[in-house]
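Enquirer: Pasting the sequence and the predicted model now:
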Amino acid sequence: MLIAGLIGWLWVLAAEDPAWKTMAWEAVVLVVVVPSAVRIGIKWLRFRGRRRLRAMWDAYAEQELAKRTCLRRSVHARPQSQNR
């Protein structure tokens, strides 16, 4: 509310003096546009991080499954004679 009041105050001053109009627009950019861009950027980085984490877990799971299938094959395999 404090920031909205500041912008409103700048708009009132801008109505009286055109020199304040530029400052009012800069305040709008600083208060609305910049935080919105930062928030969008943070969400994008979180999404990207989640995607990378999911890919890492998938790769790990595939490696573990491959290890288990190799172990099962070696444990249950019948011994082969060398004299064929």
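Expert: Cool, got the structure.
Enquirer: low-scoring stretches of this structure, by residue?
Expert: The model of the chain has pLDDT under 70 over residues 10-11, 13-15, 19-20, 71-84.
Enquirer: mind running it again at 90?
Expert: Residues of the chain that meet the criterion pLDDT under 90 lie in 1-38, 45, 48, 64-84.
Enquirer: any chance you could map the helices in it?
Expert: 2-16, 19-28, 34-76 (DSSP state H).
Enquirer: ok, and which of those helices has the densest surroundings?
Expert: Among these, helix 19-28 has the highest mean neighbour count (mean count of other C-beta atoms under 10 Å), at a mean of 14. For every residue, glycine as well, the C-beta is placed using N, CA and C.
Enquirer: same for it, what does it pack against?
Expert: Contact here means 3 or more C-beta pairs under 8 Å, 6 or more residues apart in numbering; DSSP states H and E; on that basis helix 19-28 packs against helix 2-16.
Enquirer: and stretch 18-27, C-alpha only, in CSV?
Expert: Output of stretch 18-27 as CSV, limited to C-alpha atoms (Å, rounded to 0.1, in the frame of the first residue of the first chain):
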residue,chain,number,x,y,z
PRO,A,18,4.7,18.0,-16.2
ALA,A,19,8.3,17.5,-15.0
TRP,A,20,7.0,15.0,-12.4
LYS,A,21,5.3,12.9,-15.1
THR,A,22,8.6,11.3,-16.1
MET,A,23,9.4,10.5,-12.5
ALA,A,24,5.9,9.0,-12.1
TRP,A,25,6.4,6.7,-15.1
GLU,A,26,9.8,5.6,-13.8
ALA,A,27,8.2,4.8,-10.5
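Enquirer: Contact partners for Trp44?
Expert: With contact set as C-beta atoms under 8 Å, 6 or more residues apart in numbering, Trp44 has no partners.
Enquirer: how far away is it from Arg50?
Expert: Distance of Trp44 to Arg50, computed by C-beta to C-beta, to the nearest Å: 11 Å.
Enquirer: swap in Ala4?
Expert: 33 Å.
Enquirer: Kindly report the same for Val34.
Expert: In this view, Val34 and Arg50 are 25 Å apart by C-beta to C-beta.
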